[in-house]
Structures are given as C-alpha cells and as structure tokens.
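S.K.: what's the 3D shape of this:
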Amino acid sequence: MADDSKGSGLSATDVVLIVIGVLVVAWLFLGIIHVIIGTLWFVLRLVAIVAIVVIAARFLFGRSKSS
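M.R.: Sure, this is the predicted structure:
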C-alpha cells in the first residue's frame, strides 16, 4: 500500500539530516565562540603583562631619577 500520510510528515532521513545539520551548525558556532574567547583571553593576558612591566619600570627607574 502507499504511504497514508500524504506527505504531511518528515521521513526518517529528513529528521536525521536536520539533526546532523543542527549539530554541525552548533559545532561551528561553538568553534567561533571558542576562537573569540581565546583571542580575548590572549589579549587580556598580553595587556596585563605589559601593564606589569610598565608599572615595574616606572617603579624601578622612576625612583632613581627623583633621588
């Protein structure tokens, strides 16, 4: 007999393809978020290191000029 649903529902293949598509999009989205957060973390660490070096240099070399 023919399919009685008359094309109103999704086949198993369609459901599997939709689930795989959603998983791939979610994986790519999480990858992009990971890259953005990793870049921000690197920049924050770099800024912190530069700030520490600048403060240390001002503390060490600034004192010798004033005395």
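
S.K.: Show me how far the helix or strand containing residue 26 is from its chain's centre.
M.R.: If you go by DSSP states H and E, residue 26 is part of helix 12-66. Here the centre of mass of C-alpha atoms in helix 12-66, compared against the chain's by C-alpha atoms, centre = their mean, to the nearest Å, lies 7 Å away.

S.K.: what helices or strands is that helix leaning on?
M.R.: Packing partners of helix 12-66 (3 or more C-beta pairs under 8 Å, 6 or more residues apart in numbering; DSSP states H and E): none among the helices and strands. Where C-beta positions appear, they are placed from N, C-alpha and C, glycine not excepted.

S.K.: Any stretches of the protein with poor pLDDT?
M.R.: Low-confidence segments of the chain (pLDDT under 70): 1-8, 63-67.

S.K.: what's around residue 28, how many residues?
M.R.: Neighbourhood size, residue 28 [other C-beta atoms under 10 Å]: 10.

S.K.: for residue 61, same thing?
M.R.: For residue 61, the neighbour count with other C-beta under 10 Å is 9.

S.K.: gap between it and residue 52?
M.R.: Residue 61 sits at a distance of 15 Å from residue 52 (criterion: C-beta to C-beta, to the nearest Å).

S.K.: quick one: secondary structure of residue 9?
M.R.: Three-state call for residue 9 (DSSP: H, G, I helix; E, B strand; the rest coil): coil.

S.K.: ok, it - contacts?
M.R.: Counting by C-beta atoms under 8 Å, 6 or more residues apart in numbering, residue 9 touches no other residue.

S.K.: next one: phi and psi at residue 10?
M.R.: When read as degrees, to the nearest 10, the backbone of residue 10 gives phi -90, psi 140.

S.K.: please renumber so the chain begins at 267
M.R.: Renumbered: residue one is now 267, and that last one reads residue 276.

S.K.: I'd like to know how far it sits from residue 290.
M.R.: Separation of residue 276 from residue 290 (C-beta to C-beta): 18 Å.

S.K.: Check residue 301 too.
M.R.: 17 Å.

S.K.: Same question for residue 278.
M.R.: 19 Å.

S.K.: which of these two has more neighbours?
M.R.: Neighbours were tallied for residue 278 and for residue 290 using other C-beta under 10 Å; the higher tally belongs to residue 290 (10 against 7).
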